[in-house]
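Q: sequence and predicted structure are below.
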Amino acid sequence: MENIKKVSVIGAGNMGGAIAVGMAAGGVVRASDIIVTARGMESLGKVRMAYPEITGFTDNAMAVKGADLVILAVKPWQVRDVISGIRDEIDYGGTAIASVVAGVSFEDLYGMFGRTPDNPVFRIIPNTAVSRLKSTTFIASDREDAVISGQVDAIFRSMGDVIWTDERMLSCGMALASCGIAYAFRYMDASIRGGMALGFTEEEARRAVLGTVEGAVALLKAGNTMPQQEIARVATPGGYTAKGLQAMDDRGFEDAVLAALRASVG
Ligand SMILES: NC(=O)c1ccc[n+]([C@@H]2O[C@H](COP(=O)([O-])OP(=O)(O)OC[C@H]3O[C@@H](n4cnc5c(N)ncnc54)[C@H](OP(=O)(O)O)[C@@H]3O)[C@@H](O)[C@H]2O)c1
């Protein structure tokens, strides 16, 4: 296959829509080379509101014709029907296939396509920050192909960080970063509501929590440090922070986080 230029995203929902918008913003794929599909016009409208140059279709078979990369972004229980509608339309010599569908393996995909596609197949787990070019994306490929993998890497790297892994670790990557963004929001939500319980307005508490999390990330990145090192700079033994951390430990904060990660490994 030639360089990846035209990309069709099948499913324009939370993830597929965010990928389409993120790709256009990332600049590796031109907005006018992106097609998204959905069953109805509502989700297509949201994507095209951000980038009117993106083409929206309700016909998947038409969308995959001439595509260099097809990204499947429908719900797991919808993917079999979607593939049965496109598998005879795909040019297997010219099109690479990627799936962001959680829990559907390479073997499952081969079964649904009724063949092992000629080009490498990619399983990709981004998170919703992809639309803001801040995703942490895990990618696994079913075979070595430096050229096509390099192009898929460039597309997703334009939307944030990319961690290549093997298929076995994808569900753990999903727990850590894809479900994980919700756990980060849960911590922030608890802090905002805690700030309000202490007497701040919602607006003040939100500003304080967003700024504090942003500051924490900046410190870790600038110093290339681990959180424990930064905690040691804040928490003096017997001081206020140490008392707060002890209260978190007493209520099983770390256990709760680990339990959430384990519960969300598919
Ligand atoms: N959300 C996340 O954070 C996340 C992270 C990693 C991976 N994923 C994976 O991403 C996939 C999609 O999740 P989501 O949250 O984006 O779901 P979603 O918001 O429900 O989006 C699904 C999209 O698929 C479209 N669709 C359904 N059947 C279709 C068909 N036959 N032809 C064309 N389009 C069709 C829907 O169209 P209509 O809008 O017209 O109904 C909708 O736009 C899932 O498999 C999930 O495992 C999600």
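A: All right, it came through fine. Since this is a predicted model, take the numbers as computed values, not measurements.
Q: give me the neighbour count for residue 6.
A: As a burial measure, residue 6 scores 19 neighbours (other C-beta atoms under 10 Å). Every residue, glycine included, has its C-beta placed from N, CA and C.
Q: what does residue 8 give?
A: For residue 8, using other C-beta under 10 Å, the count is 26.
Q: which residues touch the helix or strand hosting it?
A: Residue 8 is part of strand 7-10, with elements assigned from DSSP states H and E. Identification of contacts with strand 7-10 by C-beta atoms under 8 Å, 6 or more residues apart in numbering yields 16, 19-20, 23, 29, 33-37, 60, 63-64, 67-74, 82, 86, 155.
Q: mind giving me the domain ranges of this structure?
A: In the domain annotation for the chain, the residue ranges read 7-170, 180-263 (automatic domain parsing).
Q: what about stretch 22-41, distance to the chain center?
A: Its chain's average C-alpha position is 16 Å from that of stretch 22-41, according to C-alpha atoms, centre = their mean, to the nearest Å.
Q: coming back round to it: which of the contacts of strand 7-10 are buried, as a ChimeraX select command?
A: If you want just the buried ones from the contacts of strand 7-10 in ChimeraX, going by 16 or more other C-beta atoms under 10 Å, the selection is:
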select :16,19,20,23,29,33,34,35,36,37,60,63,64,67,68,69,70,71,72,73,74,82,86,155
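Q: do you know how far the closest residue to the ligand within the stretch 1-150 of the chain is from residue 207?
A: Closest to the ligand within the stretch 1-150 of the chain is residue 13: 1.7 Å, counting by C-beta to the nearest ligand atom. Computed as C-beta to C-beta, to the nearest Å, the residue 13 to residue 207 distance reads 31 Å.
Q: tell me the secondary structure for residue 81?
A: Three-state assignment for residue 81 (DSSP: H, G, I helix; E, B strand; the rest coil): helix.
Q: that one: neighbour count?
A: Number of residues near residue 81 (other C-beta under 10 Å) recorded here: 11.
Q: then residue 83?
A: Neighbours around residue 83, by other C-beta under 10 Å: 23.
Q: per-residue confidence for the nearest residue to it once chain neighbours are set aside?
A: Residue nearest to residue 83 in three dimensions, not counting chain neighbours: residue 112, with 4.2 Å by C-beta to C-beta, 6 or more residues apart in numbering. Predicted confidence (pLDDT) for residue 112: 97.
Q: got the contact list for residue 155?
A: 4, 7, 23, 26, 28, 29, 69.
Q: surely the fifth one and residue 154 touch.
A: Right, the one you point to is residue 28. Yes: with contact defined as C-beta atoms under 8 Å, residue 28 reaches residue 154; the gap is 5.3 Å.
Q: still on that earlier bit, got a list of what the residue nearest to residue 83 touches?
A: The contact partners of residue 112, taken as C-beta under 8 Å, 6+ apart, are 79, 80, 83, 84, 87.
Q: repeat that with 10 Å
A: If you count contacts by C-beta atoms under 10 Å, 6 or more residues apart in numbering, residue 112 has them with 72, 79, 80, 81, 82, 83, 84, 87, 99, 104.
Q: let's test this: what are the backbone torsions at residue 98?
A: phi -130, psi 150 (degrees, to the nearest 10).
Q: surely it is in contact with residue 104?
A: No: taking contacts as C-beta atoms under 10 Å, residue 98 lies outside contact range of residue 104: 11.8 Å.
Q: which residues are in contact with each of these two?
A: Listed as contacting both residue 98 and residue 104 by C-beta under 10 Å, 6+ apart are 72, 123.
Q: who in the stretch 1-150 of the chain is up against the ligand?
A: Residues of the stretch 1-150 of the chain found near the ligand (C-beta under 6 Å from any ligand atom) are 10-16, 37-40, 43, 60, 73-76, 78, 81-82, 100-102, 125-128.
Q: which residues of the stretch 101-250 of the chain fall in helices?
A: 106-113, 146-157, 167-173, 180-197, 202-223, 227-234, 240-250 (DSSP state H, counting those that start in this stretch).
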